[in-house]
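> this one's structure only:
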């Protein structure tokens, strides 16, 4: 049986700000999670993402975003339509990327019903486990947004 929701932190904890996704999942795991919610960490490889979110009601992906002129800690919330419509967005070293995973999952009929992506702009991605202050604060804000998304899903299920 597929989980009702899965929260996936994408990144590498040993590449400074690139560890934002896993750090957000770690923060979320510290609280009591609603039933049917799975938390996972992934390196961003498309087949692993697809396996994690396959046929869930809601998949939330938290990832670091490397852009040419970053505003470290800036948060972008994208839904599935935005991810599919975009050309492959700039990213860290996560192989083929989220856009490829979405297109492949669509072809394989392995998409979640809803997909939300939180992308945190980063600047520091050298070696080491320490995140910059702006990205660490963004991780905390994203965790709050994810809890709100999970609460909304629970309310929808109760109303149905």
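Perfect, thanks for sending it. None of these values were measured; they are calculated from a predicted model.

> And the average pLDDT for the longest helix seen in the chain is what?
Identified as the longest helix of the chain according to DSSP state H is helix 133-159. For helix 133-159, the mean pLDDT works out to 92.

> so how far is that helix off the chain centroid?
11 Å (Cα atoms, centre = their mean, to the nearest Å).

> Which elements pack onto it?
strand 5-10, helix 20-29, strand 58-66, strand 75-79, strand 114-122 (3 or more Cβ pairs under 8 Å, 6 or more residues apart in numbering; DSSP states H and E). Yep, even glycine has a C-beta here, placed from its N, CA and C like the rest.

> In terms of mean pLDDT, which of those ranks lowest?
Minimum mean pLDDT among those: strand 75-79, a mean of 89.

> related to what we said a few turns ago, reformat the helices and strands packed on helix 133-159 as TSV; add mean neighbour count and distance to residue 147.
Listed next are the helices and strands packed on helix 133-159 as TSV, based on neighbours: other Cβ atoms under 10 Å; distance: least, Cβ to Cβ, whole Å:
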stretch	mean neighbour count	distance to residue 147
strand 5-10	27	10
helix 20-29	23	7
strand 58-66	26	10
strand 75-79	15	14
strand 114-122	24	12
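
> who wins for proximity to residue 35 among those?
Minimum separation from residue 35 across those (Cβ to Cβ) falls at strand 5-10, 10.0 Å.

> neighbouring contacts of the closest one?
When contacts are defined by Cβ atoms under 8 Å, 6 or more residues apart in numbering, strand 5-10 is touched by residues 20-26, 28, 34, 36-44, 49, 52-53, 56-64, 94, 98, 112, 146, 150, 153.

> can you put the helices and strands packed on helix 133-159 in CSV and add distance to residue 107?
Shown next, in CSV, are the helices and strands packed on helix 133-159 (distance: least, Cβ to Cβ, whole Å):
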stretch, distance to residue 107
strand 5-10, 20
helix 20-29, 25
strand 58-66, 17
strand 75-79, 19
strand 114-122, 15
